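Give me a model of this one.
(2 chains)
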Amino acid sequence: MHFDAFDRYHDTESFVHRLDPRVKVLVTVAFILSNALLPDGAWMAFGFSWSFLLFVNALSNLGVAFTFKRSFVALPFALVAITVLFSIPGQPLSTFHFLMWDFTITDMGLLRFVSILIRSWLSVQMAILLVATARFPDIVHALEHLRVPSILTTIIAFLYRYLFVLVDEVFRLLRARESRSAAAPGTRSGGSVAWRAGVAGNMAGQLFLRSYERSDRVYNAMLARGYTGHLNTMNPHELHRVDYVTTALALVVILLLQLVGRL
Amino acid sequence: MHYSPQPLHIPDGFLSLTVSLICWALTAVTISVAVSRTNKSLGEKQVPLMGVMAAFIFAAQMINFPVAGGTSGHLLGGALAAIMLGPWASMLVMTAVIAVQALLFQDGGLLVMGANILNMGLVTVAIGYGLYRGVAGGNRTLKLAVAGIAAWLSVMAGALFTSFQLWLSGTSQLQVVIPAMLIVHALIGLGESVITVAALSFVLQTRPDLLGENSDSAKGSRGWIIAGIAVSLIVVLLSPLASANPDGLNRVAADLGFINAAQSGTGPLAGYTVPFFADASASKIVAGAIGAVVVLALAVFAGRTLQKKSTIDNRKS
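Down below sits the predicted model:
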């Protein structure tokens, strides 16, 4: 596995790709904040927010369908919001019978439910755009510039750097378990659920020790390469005029979205 | 690369702004205490260790085991990390894991990340470490048993906190979300418990020095025992209460100005407005802000006293 196996960065040349990662992090957070601030049923503002998203998508040269295709990851979570359909008082829209209860969907409930889904859907897409247009180490560096404590960003940087090594290790453990668990067709191998969970636990313990001992070797290797307790980057990360202008414009657009949502 | 989203990771859009910001404030305060504590106590060698351990938690969450009907159980890791690495370090490690899951995989939102860290990284660690620390001097069986209980409780606590946040945001109804989340996570917690116990007993057998008297995990102060027991009690006492008497809680929340009375389903229907925090009257926003400040002050105060206590403890040992 390659070290950037987990990075969702999409390597192309575009205006958004060239922007400083700080700008992208700031605008993403501002956009998500704006979604959370928009009132329920602000369809116009939701529509404009989506247009803004599509516009950024177009600027980033990824193809219009890029974020759309990946945008449904948060959808299963909609299950937890399903009760608002019935619980908020309003005009009844339709009633159905399930088991021993009657459920009545109200217009206010539907309005809130759809609004929650749209907010979530828009926010996820902007987050997808962020990781598609900025390399993960650059995002981490941007976080450091944005005053996230350096011990945290360093841990995140190490996590990202060594994740693939440990995931390789997990795959070896899983393959070993597969090999031990041979069974004749039609019969089950292995014991009860508790036994299987125990095996998984032993694997986790094994992984812990291998990781722990690896971190020793990592540290020694880093010392040999001149580690002083601080991670450096070769990327300059300077804010140019275009970064300032873009940030200002994006924030103005987001403010306008709020105005539209409140009209 | 296969990555399966996990329950408890709240996406953006499902929590109201007020709830998100209060959770962020709580999380930020706790993390800044954790940062200053670890910065003081850890050598530069510890930082790569914590980074690799964060990768370990992330990778360990991929070890799953088949349960039934195509579903599989796997680890959340908060309690395990707390027992192995000590409280403050494991809070930072869990924060890093949750941040990367949100940033890289969109598993969990950014604005609600404070809530996700609180539920999965801070509460789980407090319970996991607090309870384990109480019996750290005991024999092996006792330690493992308590670790198992702590792991199960930590998952339940995460589920309970998530439910409360969803309810306060007006996303879910309390009488539905609490039983649903708690029943599902009572089962998920069993898997967490067995994996944690097995992993811990494996490490105790092969590298007992990592969990011995002078290890990182034994350095946490005794204040953690109180914190762990307190959070556990909240979970144990509040879960049945919330399931049995959701109307009472709804009324309390409505009285405190936290939730729209109409939205909780108990208030009068007259004067009903679209339930949305940002659109609520100015008084409600002010009430929410005051609440946030009070909670923040409490957290800072608790953090300070905890810090003082543990420095005294450290000097003693």
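
quick one, phi/psi of the residue lying farthest from the centre of chain A?
Seen from the C-alpha centroid of chain A, the residue lying at the greatest distance (C-alpha atoms, centre = their mean) is residue A:184, 41.5 Å away. Main-chain torsions, residue A:184, degrees, to the nearest 10: phi -70, psi 150.

What of the one 3 residues further on?
Dihedral angles phi and psi of residue A:187 (degrees, to the nearest 10) take the values phi -110, psi 160.

element containing the closest residue to residue A:13 other than its chain neighbours?
With C-beta to C-beta, 6 or more residues apart in numbering or on different chains as the criterion, residue A:13 has its nearest non-adjacent residue at 7.0 Å, and that residue is residue A:61. Every residue, glycine included, has its C-beta placed from N, CA and C. In this assignment (DSSP states H and E), residue A:61 forms part of neither any helix nor any strand.

what sits against residue A:61?
The contact partners of residue A:61, by C-beta atoms under 8 Å, 6 or more residues apart in numbering or on different chains, come to A:12-17.

Only the buried residues of stretch A:9-22, if you could.
Going by neighbour count (16 or more other C-beta atoms under 10 Å in any protein chain shown), the buried part of stretch A:9-22 is A:9-10, A:16-17, A:19-22.

Ignore what I typed, I meant stretch A:141-150.
Residues A:141-144, A:148-150 are the ones in stretch A:141-150 that count as buried (16+ other C-beta under 10 Å).

ranges for the strands of the stretch 51-200 of chain B?
Counting by DSSP state E, counting those that start in this stretch, the stretch 51-200 of chain B has strands at residues B:64-66, B:72-74.

Lowest average confidence across those strands, which one?
Within the strands of the stretch 51-200 of chain B, confidence is poorest for strand B:72-74, with a mean of 61 (mean pLDDT).

List the residue ranges of chain B that fall below the pLDDT cut-off.
For chain B, the stretches with pLDDT under 70 are B:1-7, B:42-44, B:65-74, B:212-220, B:243-317.

residues near the closest residue to residue B:236 other than its chain neighbours, how many?
Nearest-residue entry for residue B:236: residue B:153, 7.7 Å, with adjacent residues in sequence omitted and distances by C-beta to C-beta, 6+ apart. Residue B:153 is flanked by 25 other residues according to other C-beta atoms under 10 Å in any protein chain shown.

which ones are touching residue A:216?
Applying C-beta under 8 Å, 6+ apart, one finds that residue A:216 lies in contact with residue B:49.

Tell me if it really is in a helix.
Yes. Assigned with DSSP: H, G, I helix; E, B strand; the rest coil, residue A:216 falls within a helix.

Show the model's pLDDT score for it.
At residue A:216, pLDDT is 85.

Now the residue of the stretch 51-200 of chain A found nearest chain B: closest residue in space, sequence neighbours ignored.
Closest to chain B within the stretch 51-200 of chain A is residue A:158: 2.1 Å, counting by C-beta to the nearest C-beta. Leaving aside its chain neighbours, residue A:158 sits nearest to residue B:51 (2.1 Å; criterion: C-beta to C-beta, 6+ apart).

how many neighbours does that neighbour have?
Using other C-beta under 10 Å: residue B:51 sits among 28 other residues.

Surely the residue nearest to residue B:236 is in contact with residue B:229?
No. Look at residue B:153 against residue B:229 with C-beta atoms under 8 Å: they stay out of range, at 10.5 Å.

Now list whatever residues contact both of the two.
Common neighbours of residue B:153 and residue B:229 (C-beta under 8 Å, 6+ apart) are residue B:131.

what sits against the residue nearest to residue B:236?
Residue B:153 makes contact with B:127, B:131, B:189, B:232, B:235-236 under the criterion C-beta under 8 Å, 6+ apart.

which of the residues you listed lies closest to residue A:89?
Relative to residue A:89, the closest of these is residue B:235; by C-beta to C-beta it sits at 31.8 Å.

On the three-state scheme, the closest one is what?
Here residue B:235 takes the helix state, with states given by three-state DSSP.

pretty sure it is touching residue B:156, no?
Yes. Between residue B:235 and residue B:156 there is a contact under C-beta under 8 Å: 5.6 Å.

For stretch B:54-64, report the contacting residues that lie outside it.
With C-beta under 8 Å, 6+ apart as the contact definition, stretch B:54-64 has outside contacts at A:155-156, A:158-159, A:162-163, A:165-167, A:169-170, A:173-174, A:200, A:203-204, A:207-208, A:211-212, B:6, B:72-77, B:80-81, B:93-94, B:96-97, B:100-101, B:195, B:199.

Mind checking which of those residues land in helices?
Members of the contacts of stretch B:54-64 lying in helices (criterion: DSSP state H): A:155-156, A:158-159, A:162-163, A:165-167, A:169-170, A:173-174, A:200, A:203-204, A:207-208, A:211-212, B:80-81, B:93-94, B:96-97, B:100-101, B:195, B:199.

Now the buried members of these.
When the ones in helices among the contacts of stretch B:54-64 are checked for burial by 16+ other C-beta under 10 Å, the buried set is A:155-156, A:158-159, A:162-163, A:165-167, A:169-170, A:173, A:200, A:203-204, A:207-208, A:211-212, B:80-81, B:93-94, B:96-97, B:100-101, B:195, B:199.

quick one: residue A:10 and residue A:60, what's the gap?
Applying C-beta to C-beta, to the nearest Å, the value for residue A:10 to residue A:60 is 8 Å.

brain fart, residue B:154
Residue B:154 sits 40 Å away from residue A:60, going by C-beta to C-beta.
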